[in-house]
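>>> fold the following, please.
(one chain, ligands or ions: 1)
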Amino acid sequence: MTTADHDPRLDAYWMPFTANRQFKQAPRMLARAEGMHYWTDDGRQILDGVAGLWCVNAGHARPKIVQAIQQQAGEMDYAPPFQMGHPKAFELADELAKLTPAGLNRVFFTNSGSESVETALKMALAYHRVRGEGSRTRLIGRERGYHGVNFGGISVGGIVTNRKMFGTLLSGVDHLRHTHDPARNAFSVGQPEHGADLADDLERLVALHDASTIAAVIVEPIAGSTGVLIPPQGYLQRLRKICDQHGILLIFDEVITGFGRTGQPFASQTFGVVPDMITAAKGITNGSVPMGAVFVQQAIHDTFMNGPAHLIEFFHGYTYSAHPLACAAGLGTLATYADEGLLTRAATMADTFATALHGLRGLPHVVDIRNFGLVGGIELAPRPGEPGKRAFDVFLDCFAHGVMIRTTGDTIALSPPLIISAEQIGQIVETVAAAIRRVV
Ligand code: PMP
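Down below sits the predicted model:
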């Protein structure tokens with residue numbers, strides 16, 4: 001990169017998951033956010049169609065969250081989480097445990113989705129060891145799964161680009177096939193009809209490895225980052241049943257689906273399947289302060305607690321676990337969700353969203369449309385020789401026309417703040433439609 005084609009003040013920051021060279025030639029700078037909107041540094045208003053990055057579920061700069069963070073910063077900036085506590089950590093865990101599915105009432109705090117995944121995987125391995133079945137060391141993920149970017153997460157994850165640069169990863173990992181089946185399920189509204197049988201892949205892996213070697217299976221109820229893949233009817237139920245038959249823990253990665261995205265606080269509740277652990281992040285603080293959490297079945301937690309009383313039960317934690325600012329933000333967030341009924345609002349808006357989204361069927365390049373609650377994907381045919389580029393051009397066009405979307409491969413992903421109005425859904429979908437018509 002030469003200094004002639006960009007501003008050298010942009011050089012130092014190595015941006016994550018970004019085409020740095022392209023970006024720095026034509027930067028997109030966000031300066032402010034409120035409610036459903038961002039504003040760019042040159043004052044353009046942008047309607048937020050992705051809740052920032054699937055996280056700002058209550059919309060931006062909500063007063064209770066802002067005030068909670070400001071007050072906490074003045075009162076106590078930091079508290080060590082090891083062998084010490086602070087009231088808001090306990091209060092937040094207690095409030096969260098009221099929202100989680102039955103039994104998942106123990107909460108371990110982290111700082112991100114990636115850390116939640118690592119924590120859950122380690123907890124699963126340690127759990128089997130603590131109860132005397134240490135041979136269960138194998139972890140099962142799924143093709144097209146996204147579980148963050150740490151080594152455990154990319155190992156159980158199923159995205160080649162996130163894996164291939166980084167060597168051999170964790171050993172003892174296997175994968176289920178993904179559930180995307182456009183031949184049978186294209187343009188399904190809500191849950192696709194076909195594909196529950198894909199859960200039987202787990203039986204195949206049990207036959208191959210033996211259940212006594214398998215610790216846990218991790219899947220996203222809805223795979224978000226790899227194109228919004230909705231679980232086929234009956235698939236998650238079948239996975240739960242097979243796990244139960246073989247003593248395998250089931251982990252749902254709800255980093256995206258948690259906190260109202262599907263019409264209930266958690267997708268586990270929406271789909272009626274209770275896992276053994278849930279990994280969460282993003283919406284837990286409405287994206288305002290980094291925080292993640294693992295929600296754990298009480299029986300799993302109690303297995304650790306039944307060990308020798310003088311020992312630390314689980315040798316794991318982060319300097320910033322249960323950070324006071326994050327806990328304050330989390331309490332402000334839950335209050336905001338509760339005040340406005342946001343954790344079930346996606347159910348109210350789902351039909352409007354689905355109708356608008358599926359109205360794009362028939363536009364050039366559109367090969368599939370998928371939706372559930374307030375999350376949706378519009379898949380385009382890739383431009384020959386340039387995978388992902390056509391959808392990215394739609395993103396650029398939408399951004400230029402005042403709407404923020406996200407693309408993953410050739411899928412356009414929408415997951416707006418849960419406060420969105422019907423009119424704003426219309427604006428997003430019309431902007432996307434116009435962009436699709438403009439791209440080649
Ligand atoms: N799991 C899932 C399902 C996710 O969607 C994400 C992030 N999009 C992560 C884990 C990782 O979260 P983070 O970026 O906060 O580490």
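>>> residue numbers of the stretch 201-350 of the chain in contact with the ligand?
E220, G224, S225, D253, V255, I256, A281 (Cβ under 6 Å from any ligand atom). Every C-beta, even on glycine, is put in place using the N, C-alpha and C of the backbone.
>>> enumerate the residues of the stretch 1-150 of the chain near the ligand.
S112, G113, S114, V117, Y146, H147, G148.
>>> just these: which are in helices?
Among those, DSSP state H puts G113, S114, V117 in helices.
>>> hmm, P324 and Y78 touching each other?
Yes. Contact criterion Cβ atoms under 8 Å: Y78 and P324 qualify, at 6.4 Å.
>>> the two: which has the busier surroundings?
When Y78 and P324 are compared on other Cβ atoms under 10 Å, the one with more neighbours turns out to be P324, at 22 against 12.
>>> among the residues of the stretch 201-350 of the chain next to the ligand, who's most crowded?
That'd be D253 among these, by other Cβ under 10 Å, with 34 neighbours.
>>> any idea how far stretch 418-428 is from the middle of the chain?
21 Å (Cα atoms, centre = their mean, to the nearest Å).
>>> now it: mean pLDDT?
If you average the pLDDT over stretch 418-428, you get 98.
>>> please identify the buried residues of that stretch?
By neighbour count on 16 or more other Cβ atoms under 10 Å, the buried set for stretch 418-428 is L418, I419, I420, Q424, I425, Q427, I428.
>>> cool, and stretch 72-85?
Q72, P81.
>>> pick out the residue of the protein closest to the ligand.
Residue of the chain nearest the ligand, by Cβ to the nearest ligand atom: G113 (2.2 Å).
>>> next secondary structure element downstream of the helix or strand hosting A335?
A335 is located in helix 324-340, with elements delineated by DSSP states H and E. Moving toward the C-terminus from helix 324-340, the next helix or strand (DSSP H and E) is helix 345-358.
>>> the next helix or strand after that following helix pairs with which strands, and in what direction?
Using DSSP H and E, the helix or strand that follows helix 345-358 in sequence is strand 366-372. In the sheet, strand 366-372 lines up against strand 375-380 (antiparallel) (DSSP bridges).
>>> check which element follows the strand it pairs with along the chain.
Taking DSSP H and E, what comes next after strand 375-380 is helix 389-400.
>>> tell me the buried residues in that following helix?
In helix 389-400, counting by 16+ other Cβ under 10 Å, buried: R390, A391, F392, D393, V394, F395, D397, C398, F399.
>>> send the alpha carbons of stretch 335-346 over as PDB?
Provided in PDB are the C-alpha atoms of stretch 335-346 (Å, rounded to 0.1, in the frame of the first residue of the first chain):
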ATOM      1  CA  ALA A 335     -34.600  -3.400  32.200                       C
ATOM      2  CA  THR A 336     -34.900  -1.800  28.800                       C
ATOM      3  CA  TYR A 337     -36.000  -5.200  27.200                       C
ATOM      4  CA  ALA A 338     -38.500  -5.700  30.000                       C
ATOM      5  CA  ASP A 339     -40.000  -2.100  29.900                       C
ATOM      6  CA  GLU A 340     -40.700  -2.400  26.200                       C
ATOM      7  CA  GLY A 341     -41.500  -6.100  25.800                       C
ATOM      8  CA  LEU A 342     -38.600  -6.500  23.400                       C
ATOM      9  CA  LEU A 343     -37.700 -10.100  24.100                       C
ATOM     10  CA  THR A 344     -41.000 -11.200  22.500                       C
ATOM     11  CA  ARG A 345     -41.400  -8.400  20.000                       C
ATOM     12  CA  ALA A 346     -39.800 -10.300  17.200                       C
END
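>>> ok, and what's touching that stretch?
Contacts to stretch 335-346, defined as Cβ atoms under 8 Å, 6 or more residues apart in numbering, come from residues 57-58, 62, 64-65, 99, 259-265, 286, 373-374, 418-419.
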